[in-house]
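Participant: Kindly return the folded structure for what I paste below:
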Amino acid sequence: MIVTVLIGVWAARRVKTSSDYMLAGRSLPMVLSTSALFATWFGSETVFGASSEFLKGGLYSVIEDPFGAALCLLLFGIFFARKLYNLNLLTLCDYFRVRFNRRTEIISSIFMVPSYFGYIAGQLVALGLILNVVAGVPMWQGIVISSVVVTLYTFVGGMWAISITDFVQSIIIVLGLGALAWLLASKAGGVVHVLQSAPAHNFKFFPEPNGVAIISYLAAWSVLGLGSIPSQDVFQRAMSSGSPQIAERSCYYAAGLYLTVAMLPLFISLCIKFLYPEALEGDTQLTLPNMVLEHAAMPVQVLFFGALLSAIMSTTSSAMLAPAAVFSENILKPLLKKQPTDVQFLRITRLTLLAVSIIATILACLKSDIYALVGGASILSLVSLFIPMTLGMYWKRSSSAGAILSMISGMATWIYFEFFPLDVPSLVPAVVVSLLTMVAGSLIWPDKAKVS
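Facilitator: Here you go, the predicted structure:
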């Protein structure tokens, strides 16, 4: 953690403007861009949450992450990266202003910012878990300590600090999880033996052949697969690339790397189930760290917890920067009577980041289910922003009235069916309503001037 802070402070020397702070000056080479995109979600939900869900329900229960997350990067690279990069925007909500109008920009910002607090909180809970398991620090104190550390280097270095630390942390993640997987597989008699000994339900990937199950299955793919496309987090990492070609290709490389490396925690959990079934009692989110402490040698412990800290901190830092950038650029800045200088705007963004950190830290202390915190974050973007962003980019008749109606109706529908649930996830009717109102609103109230 100390090394990460030092790297972040060193990287902060490159921050001269708000563009440097939010998008690393749009100058990242392929390797840094790829590692940054890979680190987007590779955090608590992948190592703790997904491995815990995998032991309960097999591959079928972790469609959302890692499979949906990899799908998001792939789709973003194919359909969005080049188009957005060529617009030279500072935040994703700037797109809604350029494509529609300022009112649409502000409303999209209001819907986007809250979606990050649960996501950041999930990462902080995981960091608190690590400090609790390793050092016996009470959970709430571990959460606060972790928040201070991540906030410190993000506050100073912004996207430059995030990108360079992501590169270092990605190496540690692969080494740490790879070493632990190799050690446990060796103890269990080899990879093939572990896979053959696992129950058949662990490899269930497709749903039962009935309508409700299939819809729920597709919804699980959509949570991160579609819901994270209209996110400032993915946007700022891709737009930090040095060219539109790098922005697109790094999405593909990161998707492949993410899906490959994310299989390691799942395999490790199978090894634990085979070697130490007693470790699965109680909170399965703690299974991995407890097992490493009890059964692994010190070098493996160092690698594993180094990998965990690296993964979670890299995810948390950019998740903190994302809502701070959107709030300061798209909500606060338009409301100021006198437009700030770039230096003043940079200061405003940093102060906003502090506020985001405080709110997320409080939320993390109140709720501890990592997978639920993270999943709920992406659903908010899916039901409100995905349809207006996609149709706005690929349907010329999309209008600002249709976009606003789509955002509001999609969110309202999701909230309604959360209280009065159907047999299918509430995001399904919400996305359908968002699509229908986008089309209807655009046809009934078209914009006078079109932006291609």
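Participant: so where's the stretch 251-400 of the chain uncertain?
Facilitator: The model of the stretch 251-400 of the chain has pLDDT under 70 over residues 282-285, 368-377.
Participant: Run through the helices of it in chain order.
Facilitator: 287-295, 298-326, 333-335, 342-366, 370-384, 386-394, 400-419 (DSSP state H, counting those that start in this stretch).
Participant: Would you mind pulling the contact partners of the first one?
Facilitator: In this case it means helix 287-295. Applying Cβ atoms under 8 Å, 6 or more residues apart in numbering, the set of residues contacting helix 287-295 from outside is 47-48, 51-52, 55, 129-130, 133-134, 180, 265, 268-269, 272, 275-276, 279-280, 300-301, 304-305, 308. C-beta here means a position set from N, CA and C on the backbone, and glycine is covered the same way.
Participant: what's the longest helix in the protein?
Facilitator: As assigned by DSSP state H, the longest helix anywhere in the chain is helix 139-187.
Participant: now the angle from whatever helix or strand residue 4 lives in to helix 139-187?
Facilitator: Element membership for residue 4, per DSSP states H and E: helix 2-11. Here helix 2-11 runs at an angle of 110 degrees relative to helix 139-187 (axes from the mean of the first three to the mean of the last three Cα atoms, to 10 degrees).
Participant: What residues sit buried inside helix 2-11?
Facilitator: Of all the residues in helix 2-11, those buried under the rule 16 or more other Cβ atoms under 10 Å are 4, 5, 7, 8, 10, 11.
Participant: What is the nearest of those to residue 19?
Facilitator: Checking the buried residues of helix 2-11 against residue 19 by Cβ to Cβ gives residue 11 as the nearest, at 15.1 Å.
Participant: how near is the closest one to residue 327?
Facilitator: 23 Å (Cβ to Cβ, to the nearest Å).
Participant: For ChimeraX, what selects the buried ones among the contacts of helix 287-295?
Facilitator: If you want just the buried ones from the contacts of helix 287-295 in ChimeraX, going by 16+ other Cβ under 10 Å, the selection is:
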select :47,48,51,52,55,129,130,133,134,180,265,268,269,272,275,276,279,280,300,301,304,305,308
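Participant: residues contacting residue 205?
Facilitator: 58, 59, 60.
Participant: Swap in 6 Å and give it another go.
Facilitator: Each residue near residue 205 by Cβ atoms under 6 Å, 6 or more residues apart in numbering is listed here: residue 59.
Participant: before we move on, back to that, will you turn the helices of the stretch 251-400 of the chain into a markdown table that also has distance to residue 153?
Facilitator: Below are the helices of the stretch 251-400 of the chain laid out as a markdown table (distance: least, Cβ to Cβ, whole Å):
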| stretch | distance to residue 153 |
| --- | --- |
| helix 287-295 | 23 |
| helix 298-326 | 7 |
| helix 333-335 | 25 |
| helix 342-366 | 11 |
| helix 370-384 | 22 |
| helix 386-394 | 30 |
| helix 400-419 | 34 |
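Participant: neighbours around the closest residue to residue 19 other than its chain neighbours, how many?
Facilitator: Take residue 19 and drop its neighbours on the chain: the residue closest to it by Cβ to Cβ, 6 or more residues apart in numbering is residue 25, 5.9 Å away. Using other Cβ atoms under 10 Å, residue 25 has 17 other residues around it.
Participant: Repeat that for residue 22.
Facilitator: Per other Cβ under 10 Å, the neighbour tally for residue 22 reads 29.
Participant: nearest residue to it other than its sequence neighbours?
Facilitator: residue 325 (4.8 Å).
Participant: Break the protein into its domains for me.
Facilitator: Residue ranges for the domains of the chain, per automatic domain parsing: 2-376, 385-452.
Participant: still on that earlier bit, can you read off the pLDDT for the residue nearest to residue 19?
Facilitator: Residue 25 carries a pLDDT value of 93.
Participant: now it: how far from residue 95?
Facilitator: Taking Cβ to Cβ as the measure, residue 25 falls 20 Å from residue 95.
Participant: again with residue 325
Facilitator: Look at residue 325 and residue 95: by Cβ to Cβ, they are 13 Å apart.
Participant: Which one's more surrounded, those two?
Facilitator: Set residue 325 next to residue 95 and count neighbours by other Cβ under 10 Å: residue 325 wins out with 30 against 23.
Participant: closest one to residue 120 among the helices of the stretch 251-400 of the chain?
Facilitator: Closest of these to residue 120 is helix 342-366, at 3.7 Å (criterion: Cβ to Cβ).
Participant: packing partners for the closest one?
Facilitator: Contacts defined by 3 or more Cβ pairs under 6 Å, 6 or more residues apart in numbering; DSSP states H and E place helix 342-366 against helix 18-23, helix 115-135, helix 139-187, helix 298-326.
Participant: Put together CSV for these, with distance to residue 196 on each row.
Facilitator: What follows is these, written out as CSV (distance: least, Cβ to Cβ, whole Å):
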stretch, distance to residue 196
helix 18-23, 48
helix 115-135, 31
helix 139-187, 12
helix 298-326, 25
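Participant: hmm, back to that, these two touch, right, the residue nearest to residue 22 and residue 91?
Facilitator: Yes: using Cβ atoms under 6 Å, residue 325 is in contact with residue 91, at 5.3 Å.
Participant: and the helix holding residue 4 with helix 298-326, angle?
Facilitator: Using the same axes, to 10 degrees: helix 2-11 against helix 298-326 is 40 degrees.
Participant: Need phi/psi at residue 241.
Facilitator: phi -60, psi 160 (degrees, to the nearest 10).
Participant: can you check the one 5 residues further on too?
Facilitator: Here is the backbone geometry of residue 246 (degrees, to the nearest 10): phi -70, psi -40.
Participant: That one: neighbouring residues, count only.
Facilitator: Residue 246 has 24 neighbouring residues, counting by other Cβ under 10 Å.
Participant: what about it, distance to residue 34?
Facilitator: Residue 246 sits 9 Å away from residue 34, taking Cβ to Cβ as the criterion.
Participant: Kindly report the same for residue 172.
Facilitator: For residue 172, the distance to residue 34 - Cβ to Cβ - is 16 Å.
Participant: Residue 16 too?
Facilitator: 25 Å.
Participant: Those two: which is more packed in?
Facilitator: Between residue 16 and residue 34, counted using other Cβ under 10 Å, residue 34 has the larger neighbour count: 26 against 13.
Participant: confidence score at the more buried one?
Facilitator: Value for residue 34, per-residue pLDDT: 96.
Participant: quick one: which helix or strand includes it?
Facilitator: Per DSSP H and E: helix 30-38 holds residue 34.
Participant: could you say what helices and strands that helix packs with?
Facilitator: helix 139-187, helix 244-275.
Participant: tell me which strands and helices the last one is in contact with?
Facilitator: Think helix 244-275. Applying 3+ Cβ pairs under 6 Å, 6+ apart, one finds that helix 244-275 contacts helix 30-38, helix 50-57, helix 69-79, helix 81-87, helix 139-187, helix 191-197.
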